[in-house]
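> 3D, please:
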Amino acid sequence: MANSETIKQKELFGHPVGLYVLFFTEMWERFSYYGMRAILVLYLVAQTNVENAGLGWTNGDALALYGWYTMMVYVMSIPGGIIADKFLGQKKSVLVGGVLLLFGHSILAVEQMWAFYTGLTLIVCGVGMLKPNISTMVGGLYKKGDIRRDKGFTIFYIGINVGAFLSSLVVGYVGEVYGWHYGFGLAGIGMGFGILQYVMGQKHLANVGNFLGASQNEEEKALLKKPLRKVEKDRVVVLLISFLLVIVFWGAFEQAGGLMNIYTMEKTNRMLMGWQVPASWFQSLNAMFIIFLGTSVALFWANRKLKGKVSTSLFKMIVGLIIMGTGFFFMTGATAQFESTGTSEMYWLVLAYLFHTVGELCLSPVALSFITKLAPVKYASIMMGVYFAMTGFGSKLAGLLGEWSESLGEYTIFTGIAVFCVILGSLVLLVRKKLEGLTHGVEDEEVDMHHEEAEGFELADN
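Alright, predicted model coming up:
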């Protein structure tokens, strides 16, 4: 995935400096996106006759729009990946996406319905251009078989969640207290910082994300013309099967911005020492846990790999789905408490978000790294786009489940999600080894490289 020149890059804390440029770019992009997401549904359902007026939609209508919006945000990653692979390259596509996002979030600050829908459309297009390509660029910073790749994606993922954590607090508070459109505008300012930082850091990205069609390297040009080998086709099959886990995972996980968000506002006792915690603040729990637990989870899996225990990407993703699903049993407890006492306590939400976070850390950054290992070079951004499209379909599923809660009830939805995730994860676990055989040892290359490095250090010591 990396260009030949990426082997010789300036490094900081053991990773290419370009990783930190992408880290901060994605941090500000996620600040803008998650800030807007934290208040979108709350704005839609807020009454029109109050001081901080919303649109007065029903919960069902709001969750329906939320589902379509979050789905399209990620489905547009497919054309975004195609544009990068066929025309612009990843680096230019990220810049175009950032500019679209800046305009989209800024237009949302205008209190008109045309501005609302125009802003959402621009955000959908912007995320589609930026999201798959910036993630692919992270993989391009590391040469084939580099054991640091998974750790690099975890660092990158922490950047995502620093932005998400700050935005849920800052944008969420401004939106709920001072006005929804002030919150939307603040998200746009955050995206402006992201673009500025990305442009200033281009010198550290000189050898990554360039359009292969314009390359002067004959070997790279040849990759565009060669048909896929059987090994590459098998690896694509594994990726596509793993994407089924992704749809289910995000279909459950994205209840955070929809059904769980409304449940927090309407049915949770949010009083803390005489002060009511804003509902949108609970969106920051996931990001906060990722910031504190991200490196610990990555080290846990790294230690398992060094001890020779099962720690393949597919195994991590399956475990992540099961752990995340288990977290919904706490929401079952919350709804049971509400039905018996008329309210539910905040600790149920905290525990649910904790399990969701550990599950996410096992699946999401690992899936990003997995794609950069298995995807054919000429389809790198397209395959990343397909991955994000799967997260989009998962988000749409989340919206549908939220709508069904109006007839089935939250208890049934939360419990059903938990049971389904645990059962599906257990079933895929049974066929894991067969699926991993189709990767043709792509992850064994990392182990071999690690042993070679270790032997090199021993020779140097001698």
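
> Could you use CA atoms for every contact and neighbour count after this?
Fine.

> just checking, next helix/strand downstream of the helix or strand residue 103 falls within?
According to DSSP states H and E, residue 103 maps onto helix 90-108. In the C-terminal direction, the helix or strand that comes right after helix 90-108 (DSSP H and E) is helix 113-140.

> got the angle between the helix or strand following that following helix and helix 113-140?
Of the helices and strands lying after helix 113-140 in sequence (DSSP H and E), the nearest is helix 149-177. Interaxial angle of helix 149-177 relative to helix 113-140 (axes from the mean of the first three to the mean of the last three C-alpha atoms, to 10 degrees): 160 degrees.

> and the residue nearest to residue 110 when sequence neighbours are not counted, what element?
Distances taken as C-alpha to C-alpha, 6 or more residues apart in numbering put residue 181 closest to residue 110, at 6.8 Å, once the chain neighbours are dropped. Following DSSP H and E, one finds residue 181 within helix 180-200.

> Restrict that helix to CA atoms and write it as CSV.
The C-alpha coordinates for helix 180-200 follow below in CSV (Å, rounded to 0.1, in the frame of the first residue of the first chain):
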residue,chain,number,x,y,z
TRP,A,180,-29.0,24.8,17.8
HIS,A,181,-27.7,26.9,14.9
TYR,A,182,-24.9,28.3,17.0
GLY,A,183,-23.8,24.7,17.6
PHE,A,184,-24.0,23.9,13.9
GLY,A,185,-21.8,27.0,13.1
LEU,A,186,-19.3,26.0,15.8
ALA,A,187,-18.9,22.6,14.0
GLY,A,188,-18.0,24.5,10.8
ILE,A,189,-15.3,26.5,12.6
GLY,A,190,-13.7,23.2,13.8
MET,A,191,-13.6,21.9,10.2
GLY,A,192,-11.8,25.2,9.2
PHE,A,193,-9.0,24.3,11.6
GLY,A,194,-8.8,20.8,10.2
ILE,A,195,-8.3,22.1,6.6
LEU,A,196,-5.7,24.6,7.7
GLN,A,197,-3.7,22.0,9.5
TYR,A,198,-3.9,19.6,6.6
VAL,A,199,-2.6,22.1,4.1
MET,A,200,0.3,23.1,6.3
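
> tell me the mean pLDDT for it?
Averaged across helix 180-200, pLDDT comes to 89.

> List the buried residues for that helix?
Judged by neighbour count using 16 or more other C-alpha atoms under 10 Å, the buried positions of helix 180-200 are 180-195, 197-198.

> which helices and strands does that helix pack with?
The helices and strands touching helix 180-200, judged by 3 or more C-alpha pairs under 8 Å, 6 or more residues apart in numbering; DSSP states H and E, are helix 17-45, helix 90-108, helix 149-177.

> Please name whichever of these is nearest to residue 325.
Taking C-alpha to C-alpha as the measure, those were each checked against residue 325, and helix 149-177 came out nearest at 20.5 Å.

> what angle do that closest one and helix 17-45 make?
Orientation note: helix 149-177 sits at an angle of 30 degrees relative to helix 17-45 (the same axes, to 10 degrees).

> Low-confidence regions, this structure specifically.
In the predicted model of the chain, residues 1-9, 145, 212-225, 444-462 satisfy pLDDT under 70.

> Nearest residue to the middle of it?
residue 364 (6.4 Å; C-alpha atoms, centre = their mean).

> How about the contacts made by that residue?
Remark: with contacts taken as C-alpha atoms under 8 Å, 6 or more residues apart in numbering, residue 364 is in contact with residue 317.

> Three-state assignment for it, please.
Assigned state for residue 364: helix (three-state reduction, DSSP: H, G, I helix; E, B strand; the rest coil).
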